[in-house]
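Novice: Quick one: sequence and predicted model below, then my questions.
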Amino acid sequence: MGFSLKEIEQLIKNNTSDEIRELFMLQIKLIRRKIENLKLVEKGLINANRIIESNNSLRWTDIINLIYLINMEEQL
């Protein structure tokens with residue numbers, strides 16, 4: 001995610017301003033998607049914690065949903 005200083009240097013040397021702008025816009029989209037997924041993981045963990053606090057157990061479906069959200073996040 002993002003560019004190193006060396007990568008930015010290469011981008012500037014090898015691409016036009018429009019190409020650089022497009023690359024940066026793509027990075028912005030990827031970061032926004034990652035933020036959205038992290039928010040989903042956070043909500044899942046908060047909900048799981050609330051369930052545990054209220055009845056000291058989680059249903060398997062709750063655990064599966066958390067695993068799914070975390071796996072989605074790891075794939076980004």
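Specialist: Right, received. Where do you want to start? Residues are numbered from 1 along each chain as shown.
Novice: close enough to count as contact, Gln27 and Glu7?
Specialist: No - judged on CB atoms under 8 Å, Gln27 makes no contact with Glu7 at a distance of 10.7 Å. (Glycine included, C-beta is placed from N, CA and C.)
Novice: For the protein, which residues score under the pLDDT cut-off?
Specialist: For the chain, residues meeting the criterion pLDDT under 70 lie at 1-2, 73-76.
Novice: where do the helices sit along it?
Specialist: 5-14, 17-55, 60-75 (DSSP state H).
Novice: what's the first one packed up against?
Specialist: Other helices and strands packing on helix 5-14, by 3 or more CB pairs under 8 Å, 6 or more residues apart in numbering; DSSP states H and E, are helix 17-55.
Novice: now the helix it packs on against helix 60-75, angle please.
Specialist: Counting by axes from the mean of the first three to the mean of the last three CA atoms, to 10 degrees, helix 17-55 lies at 160 degrees to helix 60-75.
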